[in-house]
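Novice: here are the coordinates; sequence isn't available:
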């Protein structure tokens, strides 16, 4: 099991390098292959290339997103994060808000499981 600081640092790199900076090459370093991804649509085992495509599609729709980490809890090898992203929705041309609930399980220095729920149009900080 990784230490608390190491687990938190790996999760933070997801937000900084991949989500904020758009550095999809960091997926190769930060995620296992395959990654077990849990969403409202079910459980998926994605290779890194497929996960990069999925992230790229989301970033394309919510352009220039500014993300705030609203709350974070580390429990053992798992990081629970609630965050809010605001950016330009390229499909509507309007400024959009998306609230996230993201859980990441870290194994051997990589994100091995990823639970995500996104709530478009919801801002729990208002």
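Specialist: It's in. All figures in this text were calculated on a predicted structure; none of them were measured in a lab.
Novice: low pLDDT regions in the chain?
Specialist: The model of the chain has pLDDT under 70 over residues 1.
Novice: the same query, at a cut-off of 80, please.
Specialist: With pLDDT under 80 as the threshold, the chain has low-confidence stretches at 1-2, 64, 126.
Novice: please enumerate the helices of it.
Specialist: Defined through DSSP state H, the helices belonging to the chain, from first to last, are 4-13, 26-30, 48-61.
Novice: residue at max distance from the center of the protein?
Specialist: residue 93 (23.1 Å; Cα atoms, centre = their mean).
Novice: phi, psi for it please.
Specialist: According to degrees, to the nearest 10, the main-chain angles of residue 93 amount to phi 80, psi 10.
Novice: begin at 6, not 1, for the rest of this chat.
Specialist: Okay, using 6 as the starting number, the last item reads as residue 98.
Novice: roughly how far apart are it and residue 66?
Specialist: Using Cβ to Cβ, to the nearest Å, we find residue 98 at a distance of 12 Å from residue 66. (Glycine included, C-beta is placed from N, CA and C.)
Novice: ditto for residue 18
Specialist: Per Cβ to Cβ, residue 18 is found 23 Å from residue 66.
Novice: repeat for residue 19
Specialist: Counting by Cβ to Cβ, the gap between residue 19 and residue 66 amounts to 18 Å.
Novice: the more surrounded of those two?
Specialist: When residue 19 is set against residue 66 and neighbours are counted by other Cβ atoms under 10 Å, the residue ahead is residue 19, at 21 against 16.
Novice: these two touch, right, the more buried one and residue 35?
Specialist: Yes. Here residue 19 reaches residue 35: they are 6.3 Å apart, a contact under Cβ atoms under 8 Å.
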